[in-house]
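Chemist: Could you work out the structure for the sequence below:
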Amino acid sequence: MYCMLEHLHEEPDATRSPLVLLHGFPDSPRMYDAYVRAGEREQPWLRGRDIYAIAFPNRLTHPHFPKLSELVGDVLREEVARLFDDLAAASPTGKLVVIAHDWGATYTWAYARARHPHAPIEKLVALSVGSSFRYDLGEHGLRALGWFYALFFSLPYYVRVPLLQRAVSEAIQRSAGYRGEHADRLHQDCYHYWHGPLWLVRWPFALLGAEYQKPYTDFPFPVLYIRSPFDRMASTDAFERAVREREDCRFRLFEDVNHWFPAQHADRVLAEVRTFL
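Modeler: Residues are numbered from 1 along each chain as shown. Next up is the predicted model:
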């Protein structure tokens, strides 16, 4: 298995749904250290829960990356689904509380769709990524052209040239605000964008709406959705409207942060999480 499950905290005689943390490109589960420190575990929202983290292959904790053929077969999504099923089966409530960012949120939403309406999720904190994607001009206007970033980010995966690898790492830090350990090796995590070259073929069809995905707005669990302005391309009007209108859901836009706000502004996120959970 490429995904690594870590049991961060074991609660004796736990009776509440466990907390499951999923990170996203290009971070490791360490991005959630502030969320599960000893003092935070005494907060009402976290007290009495087992805590798990699901880590995708990454340069920091386990650089054991899938082969291209396995990525094409969606091996990581299948592994996340299997881990969710196993954790739910062992949960004292039969359900999970999930906090997920970026690719972690993408796979969590995919799992919820696949298991709908019986996904064993009690509550979801989705960071940056909404319940479905749209790539077209009708949804995003000229911002849809931003999806070409996937092509650029995929280059180090296919072209092992140090100068190019450094260029992508620098771009992720300078243009998107990423900060983290060994950022000079960010290119190692670019396997997430193995599909980037497909944009050379997909882009005219995607921009015109040929890859339209029906909005997923009838999810049967409460959602706290937090994003930065940059993250609008990973969401939809239909999803955000549903979250705003549902009494059991909350939407928060952090105007002055970048995509990696869950790690860089943990206190602000935790203030929302404590209330929601």
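
Chemist: Show me the strands in the protein, by range?
Modeler: Under the criterion DSSP state E, the chain contains strands at 4-9, 19-22, 51-55, 96-101, 121-127, 223-227, 250-253.

Chemist: Using CSV, please lay out those strands together with distance to A210 and mean neighbour count.
Modeler: All C-beta spots, glycine's among them, are computed from the backbone N, C-alpha and C. Output for these, formatted as CSV (distance: least, Cβ to Cβ, whole Å; neighbours: other Cβ atoms under 10 Å):
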stretch, distance to A210, mean neighbour count
strand 4-9, 36, 15
strand 19-22, 30, 26
strand 51-55, 32, 23
strand 96-101, 28, 26
strand 121-127, 26, 24
strand 223-227, 26, 24
strand 250-253, 29, 16
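
Chemist: out of these, which comes closest to A81?
Modeler: When those are compared by Cβ to Cβ, strand 51-55 sits nearest A81, at 10.8 Å.

Chemist: hmm, back to that, for the strands of the chain, could you give me a markdown table that also reports distance to P262 and mean pLDDT?
Modeler: Conversion of the strands of the chain to a markdown table gives the following (distance: least, Cβ to Cβ, whole Å; pLDDT from 0 to 100):
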| stretch | distance to P262 | mean pLDDT |
| --- | --- | --- |
| strand 4-9 | 16 | 96 |
| strand 19-22 | 10 | 98 |
| strand 51-55 | 13 | 97 |
| strand 96-101 | 5 | 98 |
| strand 121-127 | 5 | 98 |
| strand 223-227 | 8 | 98 |
| strand 250-253 | 12 | 98 |
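
Chemist: so which of the ones you listed gets nearest H140?
Modeler: Set against H140 and scored by Cβ to Cβ, these come closest in strand 223-227, at 13.9 Å.

Chemist: circling back to that earlier point, including distance to R143, could the strands of the chain go into TSV?
Modeler: Shown next, in TSV, are the strands of the chain (distance: least, Cβ to Cβ, whole Å):
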stretch	distance to R143
strand 4-9	34
strand 19-22	26
strand 51-55	30
strand 96-101	21
strand 121-127	20
strand 223-227	14
strand 250-253	15
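
Chemist: looking at these, which is closest to H187?
Modeler: strand 51-55 (18.6 Å).

Chemist: And the closest one, how far out from the chain middle?
Modeler: Its chain's C-alpha centre and that of strand 51-55 lie 13 Å apart, by Cα atoms, centre = their mean, to the nearest Å.

Chemist: now the angle between strand 4-9 and it, please.
Modeler: Calculated by axes from the mean of the first three to the mean of the last three Cα atoms, to 10 degrees, strand 51-55 forms an angle of 160 degrees with strand 4-9.

Chemist: what residues does strand 51-55 touch?
Modeler: Residues outside strand 51-55 that contact it (Cβ atoms under 8 Å, 6 or more residues apart in numbering): 3-9, 11, 18-23, 28-29, 32, 36, 41, 61-62, 80, 83, 87, 104.
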